[in-house]
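Asker: Test case, fold it:
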Amino acid sequence: MPIIYFTKGANMWITPEEVLIANALWVSERANPFFILQRRKGHGKGGGITGLLVGTMDVVLDSSARAAPYRILLQTGDSQVYWSIACGGSRMEITTHWEWLEANLLQTLSIFENDEDISTFVKGKISGIIAEENKSKQAQEEEDSGKFREAELKMRKLFGMPEEEKLVNYYSCSFWKGRVPRQGWLYLTVNHICFYSFLLGKEVTLISQWTDVTRLEKNATLLFPESVRVCTRDTEHFFSMFLNINDTFKLMEQLATIAMRQILDNEGFAADLSLPKPRKTLKNVSALKRDLDARAKNERYRTLFRLTQEERLDGHTDCTLWAPFAKMHVTGQLFISNNYICFASREEDLCNLIIPLREVSVVEKADSSSVLPCPVSISTKNKMNFLFANLKDRDFLVQRISDFLQRTPDRMWSDANPPGPLTDWFVCPITNLSDVGSLCFGNTLPSPSLSLFFQAKEKMKEESWKIHFFEFGRGVCMYRTSKTRELVLNGLPECLRGELWLLFSGAQNEMATQPGYYGDLVEQAMGRCSLATEEIERDLHRSMPEHRAFQNEMGIAALRRVLTAYAHRNPGIGYCQAMNIVASVLLLYCTEEEAFWLLVALCERMLPDYYNTRVVGALVDQGVFEELTRACLPLLYEHMQELGVISSISLSWFLTLFLSVMPFDSAVLLVDCFFFEGIKVIFQVALAVLHDNMDALLACNDEGEAMTILGRYLDNVVNKQTVSSPIPHLHALLTSGDEPPPEIDVFDLIKSSYEKFGSLRSDVIEQMRFKQRLKVIQSLEDTAKRSVVRAMMTESAFSIDELEELYCLFKAKHVMSCYWGLGGSAAADRHDPSLPYLEQYRIDLGQFCQLFGALAPWRCGVHTPILAARLFRLLDRNKDGLVNFKEFVTGLSGMYHGDMTEKLKLLYKLHLSPGEPDNSTHNSAVAARSTKCHVAFNVIMSDKVKDYKYYLRMWAKEKEPEKETIKDLPRMSQEHFIELCKTLYNMFSEEGREQELYHSIATVASLLLRIGEVAKKFTNHTTKNAKTLAPSPPPAAARPEGEESCGEGSSGQSQDVCKALADAQLDSLPPLQGSDEDGRDDTSVSSYSMVSTGSLQCDDITDDTVLIGCGGQRRGSVVDSDWSITFEQMLASVLTEPPLVDYFEKKGDIQTKMAACKAQRNVERQTSSSSDHELAQNSV
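Answerer: Residues are numbered from 1 along each chain as shown. Here you go, the predicted structure:
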């Protein structure tokens, strides 16, 4: 029996050790089919003489050798061998371990079929838990980089990750393969989720990219107790038995969110690169894990207090705040960041407080007492005083706040010293338009037709807020309590609406810290033309046309400036439809600058990703709304899903905050609640609208009928307390029926939404948003893929499935370069969501060479990277060093599905000089010019005017690209022909008819060399009539030795000698269409080829080899610059060799290569500066 060293308070899992005699000196207290809990005799009650003896031994022995009084053993079937797995110093401690085993392992172990598997699994699980506990303990002690560094190296070795891939954390867990769990290690990196297990000789390796994850959730079922489910497009994986599943799942959520941001735009890659680099000394909890934890805390802090993205939480501590309005101390947490001091009560909505450091005048330690221990007093410039107490480290806190105060710029203006009016920045201010209808309702006079009752109501609201300001403070430092919420739900006074919107949204803080920013933006943006400005101009007159403020040029100009300034500030969003409606409403209550900062708060914080090119945020919240409908109104949800209504109606509700579907005076009250409560109030009201119309919707038979019911309901949501003249709702005017439905008071609707659905919590909504974000973004990617495939179906011969696989491989290669930033150009800059789907993803030369080596049918050994570089140069038509998916597929399709002529033409063009003039371009330009002249001539000479269809046909004809013919291809020089021969000799190493193909290539090469000589001779005769040809040299056998090495003399002599050698063999040229097989045996070929085909290998042709029709190799020869051939001559020569014809006519199968590429587990490292040999080695 192993000795278990025990000290007081020991409570631990122990490394499993074999126990041969389970009952000696021990008493079994609890048991099940797999585990036994035992108590050592001599501890507790009973035990008799044996117990006394054991107890005496334990007392007499040294304390370091005392055994723990409790232990848990693993038993398997009828085996007499037991394994000790846990020990404890008390019954309570050991019971904790016992209950964990029963809850997490009993059901799992019942699945195993033999005892050996049970023992192996339990021992592996316990060992993993011990390692996890040791890791967490050591992380709290002194720094020790050994284990984490070892895990990181192991991860790279197991999964083939490059140095740039950063490990975040690793966990011991079980991976369920079928119904059998595999104990192993889960590695979470920045870009991948990986698992490895090796048990009983069976290895399990799993690697998935976070960008492929479509669903990530934590659940508990009978089969998978408390597990994490990870779904991709192809499969799903279950991981369970984590030591702390909540922390693990939160980290997985963060990494998946980063990946979704990478798919959505390039900011995600920038966020990845901004993560801290691995340092020489790391704790077992990695720097990345600590950084991601800090990011999560920062995000929660900014969301809670509506702060800007630049704000970083420095720390937080428990404390109490003296609430003068309630005459009590409120318990909560104090948060300190670089620009703010914030407080949140432990009880929700009891009290929240935001104190900008720019407002702070004095921070001091107050006198401590038993009633008020360790207090700190903070005074502001507007004479407000805040008293915090029960602070654990008061001195450090005061010093920290003082440090931040010293860094606060003096240029910031506070609420006590607001900036000057917009007249400081604009020649034509629009802050007060009372003469044209006023953009600010605070400047409008009440209509005489309005009843005195409603005017009195408005006055009462104003007085209520004045009392609230007196009691709770006014401005950004105001106490925000449940009383504030009640006032907001009753509607904001129109004279205070703009001020309170700025306060609740956090826009006031951002505006205060950047004075003059909006004016500078307007000056920079004015006069610039872009796609965003064109869309803005198109929508300006559609923005609330029923309101008189936008029926004149002054109001339209104000809206133009706000939208244009924001598009200039955030070109990633630019402009999106619905922004004009929201901005126009903001301008009705705020100045231009205030409306601009409110728009910033909406687009960048309160409604994230709502107004980008694909309205992802709105689609995400639409999915959340569907999920909430299913949970709250299940019967209605099923019926509306059948009709397809929810997705049709809810998008406009969220994008415009009901402003486009509800009368203005009513919708603006929802905007009041939204700025105070956030998005949850929009969900609540939407659910209340469906609930109020449930009976009518359940009776609907089609989508149109349901939309009509909801549209008419929203048209008749009225604000009976408005003090302004009613503004007719354009949608209501267009859809009004014969019998108007009853009016619905908007205050009743809001009250009903809080009563029925007020239990919605913001954290639950954020969790649902994460789930839906995965689904929406992956769905958008699938849509993009389908669009690309449809577009490429007409331009390539690949099938739909093949194009989809190619798109996935191409995109993966692009994304990998963005992961590790190893491309020749800025990898993230290559993805431009504004481009068509076909052109959004682009790869550079290094990535193209890897894909070419893995997928191309023409494999040329070490010559493959050279051929890939030639094809890349040919496909890169705009010469930007990048190739998009359309260009990539075009090149690949020609190699796989082109006929012999097309394949040979592609091969021919690959070996032309990069600077070679392309006749086809010249011919196309000439043809285009002639077409235009022809059109112009017809217009001038025609007696009658042609109709527009005629000109459309001529325009379409002019735009049609001229088809390239073989006659348009330029001639090939001898230097490039030699390169072509090298490529051909290296293409057939894996072919079954290898020797026949070599024989044919030798024959064709020799034939083309002599054809080129004949062409040169003919050219020389026609262009140089005055010159006489050199006499023909003697036959090769009678040549002097001095003529063996062409090129060692002058260039002119070398060309003459090479020409003479070629001319000497013209008399022995075999017939082109010879049918006699004996005429083309190896012997006859060797008389025309420099190397016999029987001994020629792929690497035999080197850079100093010249293919000239003679018996031996010629080193150091100079290329004949006058020699050339045409593509027609090459095609005719190849047609004489059936093996070559068969090879180029054969259709390739890309499925096998794609499957091999997809199944490859090792992640290839991107290198933009690799040599050709290295690129060839990286090829699949």
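
Asker: show me the biggest helix of this structure in terms of residues.
Answerer: helix 762-793 (DSSP state H).

Asker: Do you have the strands of the stretch 101-250 of the chain handy? List them.
Answerer: With strands called from DSSP state E, counting those that start in this stretch, the stretch 101-250 of the chain shows them at 167-177, 180-189, 192-199, 202-209, 213-219, 227-232, 236-240.

Asker: Show residues contacting the shortest one.
Answerer: Translated: strand 236-240. Strand 236-240 has contacts (Cβ atoms under 8 Å, 6 or more residues apart in numbering) with 173-176, 181, 186, 195, 206, 208, 215, 224-231. (Each C-beta comes from the backbone N, C-alpha and C, glycine too.)

Asker: Can you tell me which of those residues are buried?
Answerer: Buried residues within the contacts of strand 236-240, defined by neighbour count using 16 or more other Cβ atoms under 10 Å: 173-176, 181, 186, 195, 206, 208, 224-225, 227-231.

Asker: Any stretches of the stretch 101-250 of the chain with poor pLDDT?
Answerer: The model of the stretch 101-250 of the chain has pLDDT under 70 over residues 135-146, 222-225.

Asker: For the stretch 751-900 of the chain, just list every one of the helices.
Answerer: 762-793, 800-820, 837-840, 845-855, 864-875, 885-897, 900-910 (DSSP state H, counting those that start in this stretch).

Asker: Throw these into TSV and include distance to residue 560, thanks.
Answerer: Listed next are the helices of the stretch 751-900 of the chain as TSV, based on distance: least, Cβ to Cβ, whole Å:
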stretch	distance to residue 560
helix 762-793	31
helix 800-820	36
helix 837-840	30
helix 845-855	43
helix 864-875	43
helix 885-897	37
helix 900-910	51
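
Asker: Next, count neighbours for residue 471.
Answerer: Neighbourhood size, residue 471 [other Cβ atoms under 10 Å]: 13.

Asker: Just confirm residue 465 contacts residue 496, I think it does.
Answerer: Yes. If you go by Cβ atoms under 8 Å, residue 465 and residue 496 touch, sitting 5.8 Å apart.

Asker: Please say which of these two ends up with more neighbours.
Answerer: Between residue 465 and residue 496, residue 465 has the larger neighbour count (other Cβ under 10 Å), namely 20 against 17.

Asker: give me every residue that touches the more buried one.
Answerer: 487, 492, 493, 496.

Asker: Need the three-state assignment for residue 83.
Answerer: strand (DSSP: H, G, I helix; E, B strand; the rest coil).

Asker: correct me, but it touches residue 119?
Answerer: Yes. Taking contacts as Cβ under 8 Å, residue 83 lies within contact range of residue 119: 6.8 Å.

Asker: what touches both of those two?
Answerer: Counting by Cβ under 8 Å, 6+ apart, the residues touching both residue 83 and residue 119 are residue 74.

Asker: ranking the contacts of residue 465 by neighbours, who comes first?
Answerer: Neighbour counts for the contacts of residue 465, by other Cβ under 10 Å, peak at residue 492, which reaches 26 neighbours.

Asker: so how far is residue 585 from the spatially closest residue to that residue that is not a sequence neighbour?
Answerer: Leaving aside its sequence neighbours, residue 492 sits nearest to residue 672 (Cβ to Cβ, 6 or more residues apart in numbering; 4.8 Å). Using Cβ to Cβ, to the nearest Å, residue 672 is found at 11 Å from residue 585.

Asker: do the same with residue 92
Answerer: Residue 92 is 62 Å from residue 585, by Cβ to Cβ.

Asker: More neighbours: the two, which one.
Answerer: Between residue 92 and residue 585, residue 585 has the larger neighbour count (other Cβ under 10 Å), namely 22 against 10.

Asker: mind listing what the more buried one touches?
Answerer: Applying Cβ under 8 Å, 6+ apart, the residues near residue 585 are 544, 659, 664, 668, 671.

Asker: Which of the residues you listed sits closest to residue 38?
Answerer: Taking Cβ to Cβ as the measure, residue 38 lies nearest residue 671 of those, at 67.5 Å.

Asker: Figure out the helix or strand that that closest one lives in.
Answerer: helix 664-677 (DSSP states H and E).

Asker: now residue 343
Answerer: Assigned by DSSP H and E, residue 343 belongs to strand 340-345.

Asker: by contact count, what packs against that strand?
Answerer: If contacts are counted by 3 or more Cβ pairs under 8 Å, 6 or more residues apart in numbering; DSSP states H and E, strand 340-345 sits against helix 287-305, strand 313-323, strand 328-337, strand 352-356.

Asker: can we see that at 7 Å?
Answerer: Secondary-structure packing of strand 340-345 (3 or more Cβ pairs under 7 Å, 6 or more residues apart in numbering; DSSP states H and E): strand 328-337, strand 352-356.

Asker: Report the angle between it and strand 313-323.
Answerer: 60 degrees (axes from the mean of the first three to the mean of the last three Cα atoms, to 10 degrees).

Asker: What pairs with strand 340-345, parallel or antiparallel?
Answerer: Sheet pairing for strand 340-345, assigned by DSSP bridges, gives strand 328-337 (antiparallel), strand 352-356 (antiparallel).

Asker: Nearest approach to residue 893 belongs to which of the ones you listed?
Answerer: Nearest of these to residue 893, taken as Cβ to Cβ: strand 328-337 at 56.0 Å.

Asker: could you give the mean pLDDT of that closest one?
Answerer: Here strand 328-337 scores 94 as its mean pLDDT.

Asker: before we move on, which element is residue 515 in?
Answerer: Using DSSP H and E, no helix or strand contains residue 515.

Asker: OK, contacts around the residue lying closest to residue 882 once chain neighbours are set aside?
Answerer: Distances taken as Cβ to Cβ, 6+ apart put residue 842 closest to residue 882, at 4.0 Å, once the chain neighbours are dropped. Applying Cβ atoms under 7 Å, 6 or more residues apart in numbering, we find residue 842 in contact with 814, 830, 882, 883, 884.

Asker: which phi and psi does the third one have?
Answerer: If I follow you right, that is residue 882. phi -140, psi 150 (degrees, to the nearest 10).
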